[in-house]
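> Any chance you can model this:
(2 chains)
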Protein chains: 2
Amino acid sequence: MNKVLPDKVINRLTLYHSILTDYIEKNIEYISSPQIAELLHIDNTQVRKDIALLKYKGKCKVGYKAADLKSLIEDTLKFKNLKNAFIIGAGNLGMALAKYDNFEAYGFNISALFDNDPLKIGIKVNNKEVFQLKELSNLAVKHNVKIAILTVPRAYAQEVTDFLVEAGIEYIWNFTPAVLNVPSTIQVWNENLIGNFLQFTVNHVV
Amino acid sequence: MNKVLPDKVINRLTLYHSILTDYIEKNIEYISSPQIAELLHIDNTQVRKDIALLKYKGKCKVGYKAADLKSLIEDTLKFKNLKNAFIIGAGNLGMALAKYDNFEAYGFNISALFDNDPLKIGIKVNNKEVFQLKELSNLAVKHNVKIAILTVPRAYAQEVTDFLVEAGIEYIWNFTPAVLNVPSTIQVWNENLIGNFLQFTVNHVV
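Numbering: from 1, shown residues only, chains lettered A, B, ... in the order given. Below you'll find the model as predicted:
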């Protein structure tokens, strides 16, 4: 699939994937688009349109075969295409992400964490070691890591980013509230938790 | 402002807000739309369109007054309208969110955390206490809390959600990878970290 998938479709496909995982765990073989739509409180037409993009057709009256649809989503979103990533900052958020159950199932391999706190160096979180930040350049080359997940405090975000760019990192998943100043060759994904939550509350919470 | 703002606009406005905070900290009085656009690697026209929605006009050649634009964004996104929220699950992610610097600046007051682990009950994180989950119903009424931030392991997500709904919670910010089954009166915002990251990698990471 070489066509660019819209962000919202990718987001929904991962939610469908999570639902399919549940169904398969419960040994339920088939799932229908209205079942998916109801769980997500979205429109059935939307679900069918998304799944049509995968070129998968359900069977009349029984719906989609859960296992088939699940692996089709995995192919489309390239879960089998393993990508190495580093976590920068071994605070609570870095630790939480290092422990996140399902990263590997989705094609992400967290190779290591980095921090400057001497007390944290050498600790292992979920079998991933915490290294000194200055060791990052060497390890990035050694393990072919181009993705960094940034979880440092806002005050250090830009300084650490400059270092990451210098070290050859090309993709930054930014969990800090700072907007990072990077060369145009570097891709930043601003996780922007506050923005996400405000999307939810501004329009919905009274 | 009663009009519903598109999610993407809200998201960008919070990023502009972060940039404006930086400028003001550095005592820079004015900012132009190309400066914002360049930092975010987006189009200048987009920035101007978003800011036009706020009915704010910059001055020719000097741009927008940072402080004015910042407080206009705060009004639009209702940062002054304080909303109480509970964090459910005092693991690494719950702790990280409880420590998150800026929640209050954005109108969120985390009143307390909840967990079932006896070792965690009574701990204080960033001045917020960890309570037993069973105390949630009473405290939700007492502090008028309708928002819950869910950070429990996936295996407990549905069970805890049922309990939250029973306890009168109306809005759930779901950080678990599980899709929650809730009545249609309950609003769920799926943070869906994996989906967010995949939006980034599927289309951009080679």
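> Going by residue numbers, what spans are strands in chain A?
Here chain A has its strands, by DSSP state E, at A:30-31, A:64-65, A:83-88, A:108-115, A:124-125, A:128-132, A:147-150, A:171-174, A:187-190.
> Now do the fifth one: everything it contacts.
Read that as strand A:124-125. By CB atoms under 8 Å, 6 or more residues apart in numbering or on different chains, the residues outside strand A:124-125 that reach it are A:90, A:95, A:98-99, A:113, A:130. To be clear about C-beta, it is placed using only N, CA and C from the backbone, and glycine gets the same treatment.
> could you redo the last one with a cut-off of 7 Å?
Around strand A:124-125, the neighbours that count as contacts under CB atoms under 7 Å, 6 or more residues apart in numbering or on different chains are A:95, A:98-99, A:113.
> near chain B too, which of these?
A:95, A:99 (CB under 7 Å from any CB of the partner chain).
> Now tabulate the strands of chain A in JSON lines and tack on mean neighbour count, distance to B:Y56 and mean pLDDT.
JSON lines is the format used below for these (neighbours: other CB atoms under 10 Å in any protein chain shown; distance: least, CB to CB, whole Å; pLDDT from 0 to 100):
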{"stretch": "strand A:30-31", "mean neighbour count": "20", "distance to B:Y56": "48", "mean pLDDT": "94"}
{"stretch": "strand A:64-65", "mean neighbour count": "22", "distance to B:Y56": "48", "mean pLDDT": "93"}
{"stretch": "strand A:83-88", "mean neighbour count": "23", "distance to B:Y56": "36", "mean pLDDT": "94"}
{"stretch": "strand A:108-115", "mean neighbour count": "22", "distance to B:Y56": "40", "mean pLDDT": "94"}
{"stretch": "strand A:124-125", "mean neighbour count": "16", "distance to B:Y56": "45", "mean pLDDT": "94"}
{"stretch": "strand A:128-132", "mean neighbour count": "18", "distance to B:Y56": "45", "mean pLDDT": "97"}
{"stretch": "strand A:147-150", "mean neighbour count": "26", "distance to B:Y56": "31", "mean pLDDT": "96"}
{"stretch": "strand A:171-174", "mean neighbour count": "23", "distance to B:Y56": "27", "mean pLDDT": "94"}
{"stretch": "strand A:187-190", "mean neighbour count": "20", "distance to B:Y56": "23", "mean pLDDT": "90"}
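> what's the closest of those to B:N196?
Nearest to B:N196 among these is strand A:187-190 (7.4 Å), distances taken as CB to CB.
> which other helices and strands contact the closest one?
Here strand A:187-190 touches strand A:171-174, going by 3 or more CB pairs under 7 Å, 6 or more residues apart in numbering or on different chains; DSSP states H and E.
> The strand it packs on close to chain B?
Yes. Strand A:171-174 is in contact with chain B by CB under 7 Å from any CB, via A:171, A:173.
> Which strands or helices does that strand pack on?
Partner elements for strand A:171-174 (3+ CB pairs under 7 Å, 6+ apart): strand A:147-150, strand A:187-190.
> Turn those into a markdown table, columns for distance to A:L82.
What follows is those, written out as a markdown table (distance: least, CB to CB, whole Å):
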| stretch | distance to A:L82 |
| --- | --- |
| strand A:147-150 | 11 |
| strand A:187-190 | 19 |
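> what sits against A:N174?
A:150, A:180, A:188-191.
> what's the farthest-apart pair in those?
The largest separation in those, counting by CB to CB, is between A:L180 and A:E191 at 11.7 Å.
> Can you pull the domain assignment for chain A?
With domains defined by automatic domain parsing, chain A comprises A:7-76, A:83-195.
> and the angle for the longest helix along chain A with helix B:7-25?
Determined from DSSP state H, the single longest helix within chain A is helix A:7-25. In terms of direction (axes from the mean of the first three to the mean of the last three CA atoms, to 10 degrees), helix A:7-25 departs from helix B:7-25 by 110 degrees.
> In helix A:7-25, which of the residues would be classed as buried?
Under the neighbour-count criterion of 16 or more other CB atoms under 10 Å in any protein chain shown, helix A:7-25 has A:7, A:9-23 buried.
> Quick one: low-confidence residue ranges for chain A.
A:1-3, A:60, A:101, A:204-206 (pLDDT under 70).
> how does it look with 50?
Chain A contains residues with pLDDT under 50 at A:1.
> circling back to that earlier point, just the ones of the contacts of strand A:124-125 in helices?
Mapping these onto helices (DSSP H) picks out A:95, A:98-99.
> Of the residues you listed, just the buried ones, PyMOL syntax please.
Provided next is the PyMOL selection string for whichever of the ones in helices among the contacts of strand A:124-125 are buried by 16+ other CB under 10 Å:
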select buried, chain A and resi 95+98+99
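> out of the buried residues of helix A:7-25, who's near chain B?
A:7, A:10-11, A:14-15, A:18-19.
> how far away is the closest residue to A:N196 other than its chain neighbours from A:K61?
Residue nearest to A:N196 in three dimensions, not counting chain neighbours: B:E191, with 6.4 Å by CB to CB, 6 or more residues apart in numbering or on different chains. For B:E191, the distance to A:K61 equals 35 Å [CB to CB, to the nearest Å].
> Those two: who's more crowded?
B:E191 (22 against 7; other CB atoms under 10 Å in any protein chain shown).
> State the phi and psi torsions of the more buried one.
The phi and psi values for B:E191, taken as degrees, to the nearest 10, are phi -70, psi -40.
> mind listing what it touches?
Counting by CB under 7 Å, 6+ apart, B:E191 has contacts A:196, B:173-175.
> Which two of those have the greatest separation?
Of all the pairs that the contacts of B:E191 form, the one spanning the most space (CB to CB) is A:N196 and B:N174, at 11.2 Å.
> got CSV for the ones in helices among the contacts of strand A:124-125, with distance to A:I28 too?
Formatted as CSV, the ones in helices among the contacts of strand A:124-125 follow (distance: CB to CB, whole Å):
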residue, distance to A:I28
A:M95, 35
A:A98, 32
A:K99, 29
